[in-house]
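**Student:** Task: produce atomic coordinates for the following.
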Amino acid sequence: MWSELKAFLLRGDVITLAVAFIIGGAFNKIVDSLVADVITPIIGMIVGNPDFSSIKIGESIMIGNFLNSVISFILVGTVLFFMIKAAGKNAGDAK
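**Tutor:** As a prediction, the model looks like this:
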């Protein structure tokens, strides 16, 4: 049983997946910082305070937190799209 586990863990695709997962976590921090520390403040300068967390429906429905999450998702997706497009363009230039 241990030898099977060792063989499974040392297969190339499992190691590649583990490395990709770790790099993805580190890259996530970069994208989150770019959105939170660069893009969101720029949006704040243009449209005012981009924090909607104070918007509520009644006492318990925090619609503002949901709006913040949706906006963050859209910004992160947009940043990732352009980063991937730029990386793909650079990879195509290297060929």
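
**Student:** Please count neighbours and contacts with C-alpha atoms only from this point.
**Tutor:** Noted.

**Student:** Show me the shaky parts of the protein.
**Tutor:** For the chain, the stretches flagged by pLDDT under 70 are 12, 91-95.

**Student:** biggest helix in it by residues?
**Tutor:** helix 63-94 (DSSP state H).

**Student:** What is it packed up against?
**Tutor:** helix 12-33 (3 or more CA pairs under 8 Å, 6 or more residues apart in numbering; DSSP states H and E).

**Student:** next one: the helix it packs on to chain centre, how far?
**Tutor:** 11 Å (CA atoms, centre = their mean, to the nearest Å).

**Student:** Give the buried residues for it.
**Tutor:** Within helix 12-33, the residues that count as buried by 16 or more other CA atoms under 10 Å are Val31, Asp32.

**Student:** Give the buried residues for the helix or strand just after it.
**Tutor:** As assigned by DSSP states H and E, the chain's next helix or strand after helix 12-33 is helix 40-47. Buried positions in helix 40-47, judged by neighbour count with 16+ other CA under 10 Å: Thr40.

**Student:** Can you check what angle separates helix 40-47 from helix 63-94?
**Tutor:** Per axes from the mean of the first three to the mean of the last three CA atoms, to 10 degrees, the angle that helix 40-47 makes with helix 63-94 is 120 degrees.
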